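Asks: Need coordinates for the below:
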Amino acid sequence: MTVSQQRQLRRAGKTNAWLDPGEIRRDCRLAGEDEDYLTRAMTQLQLSTRSFFRVLKISRTIADLEGAGQIERQHLLEAISLRFPGSRVE
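Replies: Have a look, this model is predicted:
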């Protein structure tokens, strides 16, 4: 088991892949400007609600891999680029 998985289990009792929408809201909080950024990305890329939650879970996992307590803009950017290669959000 990786250190990242251990963090996830301590925080939620399961890995990020298995978080439900309520747990995502609790564990994947964003700073105000990052929430605005993700909302713009959602509109610009025409993301579904399901894709929105997946981006948040991937962002949380990237933050866990780096040992970050909070999801930051760089984690969102990486998650979006992994889910939607070649996309650019202004």
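Asks: Leaving out chain neighbours, which residue sits closest to residue 53?
Replies: Take residue 53 and drop its neighbours on the chain: the residue closest to it by CB to CB, 6 or more residues apart in numbering is residue 24, 5.4 Å away. Where you see a C-beta, it was placed from the backbone N, CA and C, and this is true even at glycine.
Asks: And the one you found, how close does it get to residue 1?
Replies: Taking CB to CB, to the nearest Å as the measure, residue 24 falls 22 Å from residue 1.
Asks: re earlier: show the contacting residues for the residue nearest to residue 53.
Replies: 53, 56-57, 60 (CB atoms under 8 Å, 6 or more residues apart in numbering).
Asks: from those, which ones fall inside helices?
Replies: 53, 56-57, 60 (DSSP state H).
Asks: now those residues: which count as buried?
Replies: 53, 56-57, 60 (16 or more other CB atoms under 10 Å).
Asks: need the contact list for the residue lying farthest from the centre of the chain.
Replies: Relative to the centre of the chain, the most outlying C-alpha is that of residue 1, 20.7 Å out, by CA atoms, centre = their mean. Listed by CB under 8 Å, 6+ apart, the contact set of residue 1 reads residue 9.
Asks: ok, now residue 47?
Replies: Contacts of residue 47 by CB under 8 Å, 6+ apart are 41, 55.
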